[in-house]
Every structure is written in C-alpha cells, then in structure tokens.
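Asker: how would this look folded up:
(one chain, ligands or ions: 2)
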Amino acid sequence: MTMSKSMHHTARKRMVIKLGGSTLEGLNEAFFDNFKRLQESGVELIITHGGGPAINRELAAQGIQSHTLNGIRVTNEAAIKVVQSTLIGQVNTALVHELTTAGIAAIGLNGFDGQLMVVDFLDQETYGYVGAIKNINTSLLEALMGVGIVPVIACVGATEAGQALNINGDTVASEVALAVGADSLLLVTDVSGIRIQDEYQAIATPTLIDQWTEQGHIYGGMIPKVQGAIDCLRAGIPSVQIVGATLIGTTIVASSELHSF
Ligand SMILES: Nc1ncnc2c1ncn2[C@@H]1O[C@H](COP(=O)(O)OP(=O)(O)O)[C@@H](O)[C@H]1O
Ligand SMILES: CC(=O)N[C@@H](CCC(=O)OP(=O)(O)O)C(=O)O
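Answerer: Ligands and ions are numbered 1, 2, ... in the order given. Below is the predicted model of the structure:
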C-alpha cells in the first residue's frame with residue numbers, strides 16, 4: 001500500500017457489503033438489523049447489489065436472449081435496457097425501501113448519479129454493453145456516509161457520452177471497496193462461501209483459488225467474486241469474505257497470513 005488508509009479517514013471503519021441478486025429477495029428484517037447495529041457502532045457502510053435473477057426473469061418475459069461468459073452477462077442493446085430498468089427501477093428501489101424499513105437511512109444510486117461510476121466498454125465485441133470502471137466519485141460516497149446515509153449502489157455505469165453499461169455486481173463491490181479504501185468487503189450470496197468437492201471452505205488463499213478455478217471447482221457466478229476478492233486483498237484490504245445470508249462463509253486471506261489461523 002502506498003497510502004495508509006488512515007490518511008483517508010480516521011478511526012471510523014468502512015465496510016462495503018454486496019448483496020447478490022441470488023439472495024436479495026429472501027433477506028428479512030433480522031438480516032438488516034445486523035447492518036443497523038454495525039452502523040450504530042460507528043462503521044460506515046456502503047451497500048452494492050446485483051439482481052441477476054430479476055434480470056433473467058425480465059429478459060425471459062420479453063423474449064430477449066442472453067448468456068454469461070466467465071460469470072459476466074453478454075449484454076446486447078435490448079438487454080442493456082432491461083438491465084438498466086430492472087436494477088435501477090425495481091431492485092434498487094426495493095432494497096432502499098427494505099433498508100429504510102429496518103431503520104437505516106439509505107439513498108439509491110447508480111453510475112449516472114453524480115458521475116458515480118464512469119465506464120468505458122469492457123470489450124464490446126465479446127461482451128456487448130458491459131462496462132469497465134474508469135472512475136468512481138468517492139467524494140459523493142464520503143459526503144453521504146459523513147452524514148450517516150448509506151449509499152445503495154446499483155451496478156449500472158455511465159459512459160461519458162451517457163450510455164448505460166452493465167457491470168457485474170461483484171466487480172462494482174470490489175472496485176468501490178478499493179476506491180474508498182474500505183477496511184472490509186463482504187459479498188453476500190446464496191451459498192455459505194466457496195464449496196470444493198462438497199465442503200465449504202472456512203479459509204481460502206489466492207493460490208488455492210487459482211488452482212480451484214483451473215480445476216473447474218470454481219465457475220460461473222463465483223468467478224467475479226473470487227477475482228474481486230483477490231484484487232482487494234492484494235491492494236491491502238484486510239478482510240474479504242464470501243458468505244451466505246447467515247453471514248457465515250469463506251474468509252480470503254493472503255497466503256502469508258495463513259499461519260495465524
Ligand atoms: N466453488 C463454488 N462454491 C460455491 N458456489 C459456487 C462455486 N462455483 C460456482 N458457484 C456458483 O456461484 C453461485 C453464486 O454466484 P451467483 O449466482 O452469481 O450469486 P450472486 O447473485 O449472489 O452474485 C452459487 O450459487 C454457485 O452456483
Ligand atoms: C455484466 C454482468 O454480469 N452484470 C450482471 C449485473 C447483475 C449482477 O451482478 O447480479 P448478481 O449479483 O445477482 O450476480 C448481470 O447482468 O447479471
């Protein structure tokens with residue numbers, strides 16, 4: 001790390017929580033209470049979310065084809081319109097409502113708002129309307145957190161020309177965590193972490209993850225999670241976890257930290 005995180009902010013801890021579309025619809029008030037307690041104890045929260053299943057339903061209803069490649073949705077011109085309207089219009093608003101009901105002050109955002117996530121095409125030929133993040137407006141996030149409001153980010157980016165681009169939710173979570181110098185990243189999904197040959201792993205290292213991915217034990221939607229986790233860990237974010245709705249799962253640690261477990 002070139003710049004100490006304490007340079008960005010003082011004693012307050014910062015946590016980025018990503019709620020996967022796979023688990024979002026089943027979360028209850030007790031789950032959100034955990035976050036309320038964290039916030040009350042002085043932790044600054046940023047919530048990001050996906051919405052893969054909701055997008056799939058809407059695409060199917062409109063007869064639009066799509067498929068994924070390395071856990072990333074290949075998004076054509078018809079699909080990006082559905083992604084944009086579903087994530088921002090439905091999933092984000094519903095989540096903000098749930099947080100508000102749980103007593104957490106929350107504001108819904110997407111890449112267009114205050115130039116929150118400026119993107120370029122990742123690789124238009126391969127992925128279509130999918131974005132790679134160029135810049136994140138961290139001042140906006142800090143201003144909101146500074147007054148106790150939780151930013152709730154939908155994974156839609158905006159190009160400088162104003163084109164919406166789809167971004168994988170796990171990628172948004174890890175890039176936001178990196179941009180704000182978070183102390184921890186929590187990816188909440190529909191499985192209790194990384195499962196290898198029917199066993200959930202309490203601990204994983206980048207080396208093990210590379211092996212498991214090569215062997216095909218890690219595939220599909222788990223790929224962007226482990227990639228984002230490794231990026232964060234390498235950049236010095238001390239705690240990265242992939243968990244289920246019970247908040248139990250896999251902690252990803254640098255190999256050199258293994259001995260302390
Ligand atoms: N090794 C693995 N351990 C656990 N889940 C895995 C693994 N490899 C692939 N997966 C898949 O990843 C899914 C979670 O990713 P995804 O469906 O994209 O969830 P989310 O909507 O939370 O991002 C799991 O439900 C599982 O099907
Ligand atoms: C580019 C890309 O893959 N975008 C994702 C965005 C939603 C998402 O990530 O949802 P989950 O968190 O439920 O997986 C998609 O279209 O499904």
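Asker: From P224, how far out is the residue of the stretch 1-150 of the chain found nearest ligand 2?
Answerer: Using Cβ to the nearest ligand atom, the single residue of the stretch 1-150 of the chain nearest to ligand 2 is G50, 1.7 Å away. Backbone N, C-alpha and C define where each C-beta goes, glycine included. With the distance defined as Cβ to Cβ, to the nearest Å, G50 ends up 10 Å from P224.
Asker: So which residues of the stretch 101-250 of the chain form helices?
Answerer: Assigned by DSSP state H, counting those that start in this stretch, the stretch 101-250 of the chain shows helices spanning 124-127, 138-146, 169-179, 206-214, 222-234.
Asker: List the residues that contact the residue in the stretch 1-150 of the chain that ligand 1 sits nearest to.
Answerer: In the stretch 1-150 of the chain, the residue that lies nearest ligand 1 is G20 (1.8 Å; Cβ to the nearest ligand atom). The contact partners of G20, by Cβ atoms under 8 Å, 6 or more residues apart in numbering, come to H49, G50, G52, G169, D170, L187, V188, T189, D190, G221.
Asker: which bits of this structure sit near ligand 1?
Answerer: 20-23, 50, 52, 169-170, 189-191, 194-196, 217-222 (Cβ under 6 Å from any ligand atom).
Asker: Which among these count as buried?
Answerer: Among the residues of the chain next to ligand 1, the ones that count as buried by 16 or more other Cβ atoms under 10 Å are 20-23, 50, 52, 169-170, 189, 191, 194-196, 217-218, 221-222.
Asker: Where does the residue nearest to A164 when sequence neighbours are not counted fall, secondary structure wise?
Answerer: The shortest distance from A164 to any non-neighbouring residue, by Cβ to Cβ, 6 or more residues apart in numbering, is to Q84 (4.5 Å). Using DSSP states H and E, Q84 sits within helix 77-84.
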